[in-house]
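> 3D model of this:
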Amino acid sequence: MPACAKQNAAKPVSDDELAGLFGWLDGYFPLTLAVSGGADSMALMILLARWLELRRRGRAISQRLPGTAAVLRPSRRQIAVVSVDHGLRAEAAQEAAFVKAEAGALGFYHETLVWQGEKPRTGLQAAARAARYRLIGLFHRRHWQDAGALSPGAMVTAHHQDDQAETLLMRLARGSGVDGLAGMAARSRAEAAEGAEGVVLLRPLLDLAKVRLIASLDAAAAAFVEDPSNHNSDFERVRLRAARAGLEAAGLRNDKLALSARRLCDLREGLDFAVREFARWCGLDHHQGAYASLDMASFAAAPRAIRVRLLQRLIALHGGCGTRPRLAKVEVLADRLAACRLPDQAGPVAWLPMASLGGCLIAGKKELQLYREIGRSGHGPAELQLNPGERRVWDRRFEVGLSPAAQRAMTVRRLDRDSFLRLRAGFVEPFSWPARAASGLPAFWCNGELVAVPQLAAFNAALLPRDDERKPLVEARFIDDWG
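The predicted model follows:
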């Protein structure tokens, strides 16, 4: 249960450092803080509250100075704190109650989220992590939407320098590429857990060692919870921490490992920029999310690293899985594609038969095409219910919305092939997309009747119904946060 921080020689975080830690969060409010009650997350909550108080005092002073305009600053009302009870330990509910009390004392709203249902016997940590992001992501969307927030906001976690170093070592042991070795970014998208898709995830403490967070709690006489799993040698991170002394003696200090991760993160950003430019040069077209297409010969001529990285991203975008497929599998596919010979090239004609990876179908002739795989067990988008005025993410590929002017709720599910074939007969414009790609598009249904298919409005405008003011009643926006 809650214990006070112990005296240590590390330097607490000073007031002067707070602006550097949290000042860049200004454009991301409102925020949802993930606070378990452990030392790291309690330090995050307390330091953020201290920064807000300093900002409030600074604004009050500026308002009294002649000729100085007051600036609107973020406030405690724009922060929510959540704790997740995974249902794995009897103490979890009491620890969440502890966080609620501490958050309330700082002026923050708090809510406890519970992971319900059966728990897996293997891969428990990974499953708990996915559940945590899902629960927090769902809360974040619902809470701030109900609060009338003008911005989508962001989730904030307390990952720090030690976590970054451990992540680099664990991924190095698995033979990870640049993405894995770059570790955690200060700003990224949340995990692909259902409900958290697209939510911005911020980690403002990545440059701080854990001992400094402990020292800050010590200086504030603040209590925290000690998680017993931090001493369970069944977990990889715990074994790494036990080996820390030997690693440091060999020169593998946490600050140096975190520095390498930061530089690899810079390299990752550079690669992403190069791949985006290459994709444009190849004529990449997402066709409103129906499928991706690009010139096959240009793709095959690129360096292997660029080909692999572009394939990873396209499969993640169009496969509905939300994460990039395993690097080794993409490398094999990229090599097969590069080895293809086109009809107008020297040598025997050989192109890639249709391949399946990451929920995506990939076919290559003169044009490389990737689109959502439908029909196999475990594949295919689920359906969801959408009420008037509601917006949700469907199949991790589209943000779908129903206008408040709509008279009834609708179901969003894929456009099946039979319905598509009936529609195609009435298209005004010639249809040029693969039929398989079209059958994976989001379609709006009401009482079993097809109402709208927004992505096909370019071929038949009647498939996008409008209200009395000629505004669309439905919307389906392809989610491409990479470019």
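
> The closest residue to residue 458 other than its chain neighbours: how many residues sit nearby?
Of all residues not flanking residue 458 in the chain, residue 429 sits nearest, at 6.6 Å (Cβ to Cβ, 6 or more residues apart in numbering). Yep, even glycine has a C-beta here, placed from its N, CA and C like the rest. Neighbours of residue 429 under the rule other Cβ atoms under 10 Å: 10.

> bridging residues for residue 84?
Note on residue 84: beta-bridge partners by DSSP bridges are residue 113.

> Surely it touches residue 115?
Yes: between residue 84 and residue 115 there is a contact at 6.4 Å, judged by Cβ atoms under 8 Å.

> Compare those two (neighbour count), which wins?
Using other Cβ under 10 Å as the criterion, residue 84 and residue 115 rank with residue 84 on top: 22 against 18.

> Roughly how far does that one sit from residue 109?
Residue 84 sits 16 Å away from residue 109, taking Cβ to Cβ, to the nearest Å as the criterion.

> any idea which residue sits dead centre in this structure?
For the chain, residue 190 is the residue whose C-alpha lies nearest the centre (Cα atoms, centre = their mean; 2.4 Å).

> Look up the pLDDT of that residue for me, please.
Residue 190 is assigned a predicted lDDT (pLDDT) of 70.

> A helix includes residue 208, no?
No: assigned with DSSP: H, G, I helix; E, B strand; the rest coil, residue 208 falls outside any helix and is coil.

> Got the confidence number for it?
Per-residue pLDDT puts residue 208 at 95.

> Show me the helices in the stretch 51-200 of the chain, by range?
Assignment of helices within the stretch 51-200 of the chain using DSSP state H, counting those that start in this stretch yields the ranges 92-105, 124-146, 161-173, 178-181.

> ok so, going back, shared neighbours of residue 84 and residue 115, which are they?
The contact sets of residue 84 and residue 115 overlap at 131, 132, 135 (Cβ atoms under 8 Å, 6 or more residues apart in numbering).

> Adding pLDDT, write these out as a markdown table.
Shown next, in a markdown table, are these (pLDDT from 0 to 100):
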| residue | pLDDT |
| --- | --- |
| 131 | 89 |
| 132 | 91 |
| 135 | 93 |
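
> So which of these is the closest to residue 178?
Taking Cβ to Cβ as the measure, residue 178 sits nearest to residue 132 out of those, at 26.3 Å.

> my guess is the closest one contacts residue 36, does it?
No: counting by Cβ under 8 Å, residue 132 does not reach residue 36; the two are 9.1 Å apart.

> and for the two, which residues touch both?
Counting by Cβ under 8 Å, 6+ apart, the residues touching both residue 132 and residue 36 are residue 84.

> Tell me the helix or strand right after the helix or strand bottoming out on mean pLDDT in the chain.
When the helices and strands of the chain are scored by mean pLDDT, DSSP states H and E, strand 3-4 comes last with a mean of 60. The helix or strand immediately downstream of strand 3-4 is helix 15-22, counting by DSSP states H and E.

> quick one, what contacts residue 454?
Contacts for residue 454 (Cβ under 8 Å, 6+ apart) come out as 442, 444, 463, 464, 472, 474, 475, 476.

> chain center to the helix or strand the last one falls within: distance?
Just to be clear, that refers to residue 476. Using DSSP H and E, residue 476 sits in strand 474-478. The chain centroid and the centroid of strand 474-478 are separated by 19 Å under Cα atoms, centre = their mean, to the nearest Å.

> what's downstream of whatever helix or strand residue 280 lives in, the next helix or strand?
According to DSSP H and E, residue 280 maps onto helix 254-281. Going down the chain from helix 254-281, the next helix or strand is strand 292-295, by DSSP H and E.

> Just the residues contacting that following strand, thanks.
Residues outside strand 292-295 that contact it (Cβ under 8 Å, 6+ apart): 279, 282-287, 314, 317-318, 366-371.

> Which element is encountered next along the chain beyond it?
Per DSSP H and E, the first helix or strand lying C-terminal to strand 292-295 is helix 296-300.

> next SSE after that next one?
That would be, after helix 296-300 and using DSSP H and E, helix 304-318.

> which residues are contacting that next one?
Applying Cβ under 8 Å, 6+ apart, the contact partners of helix 304-318 are 271-272, 274-275, 278-279, 286, 289, 291-292, 299-300, 302, 321-325, 327, 330-331, 333-335, 337-338, 357-360, 362, 370-372, 397, 479-480, 482.

> gap between the spatially closest residue to residue 111 that is not a sequence neighbour and residue 472?
What sits nearest to residue 111 in space, not counting adjacent residues and going by Cβ to Cβ, 6+ apart, is residue 82, at 5.4 Å. According to Cβ to Cβ, residue 82 and residue 472 sit 34 Å apart.

> Those two: which has the busier surroundings?
More neighbours surround residue 82 than the other of residue 82 and residue 472, with 25 against 16 (other Cβ under 10 Å).

> Isn't that one up against residue 31?
No: look at residue 82 against residue 31 with Cβ under 8 Å: they stay out of range, at 10.8 Å.

> follow-up on the earlier one: which residues touch the residue nearest to residue 458?
Neighbour list for residue 429: 458, 459, 460 [criterion: Cβ under 8 Å, 6+ apart].

> How confident was the prediction at residue 84?
On pLDDT, residue 84 comes in at 95.

> List the buried residues of stretch 268-286.
Neighbour counts over stretch 268-286 (16 or more other Cβ atoms under 10 Å) mark 268, 271, 272, 274, 275, 278, 279, 282, 284, 286 as buried.

> actually stretch 170-180, not the one I wrote
Neighbour counts over stretch 170-180 (16+ other Cβ under 10 Å) mark 170, 171, 176, 177, 178, 179, 180 as buried.

> same deal with stretch 324-342?
Across stretch 324-342, burial judged by 16+ other Cβ under 10 Å covers 324, 325, 327, 330, 331, 333, 334, 337, 340, 342.

> I figured the third one hits residue 178, correct?
Read it as residue 327. No: the criterion here is Cβ under 8 Å, and residue 327 misses it with residue 178 at 9.7 Å.

> What ranges does the stretch 351-483 of the chain have for its helices?
Chain-ordered helices for the stretch 351-483 of the chain, with DSSP H, counting those that start in this stretch as the definition, fall at 417-424, 435-438.

> And for the last one, what's in contact with it?
Judged by Cβ under 8 Å, 6+ apart, the contacts made with helix 435-438 from elsewhere in the structure are 287, 290-291, 361, 369, 371-372, 374, 415, 417, 420-421, 424, 431, 455-456.

> so who does residue 18 touch?
Residue 18 touches 47, 50, 51, 54, counting by Cβ under 8 Å, 6+ apart.

> let me fix that: residue 30
Neighbouring residues of residue 30 by Cβ under 8 Å, 6+ apart: 78, 79, 80, 144, 147, 149, 151, 153.

> May I have the phi/psi pair for the last one?
Backbone torsions of residue 153, given as degrees, to the nearest 10, read phi 70, psi -160.

> how near is it to residue 199?
From residue 153 across to residue 199, the span is 8 Å (Cβ to Cβ).

> Lovely, talk soon.
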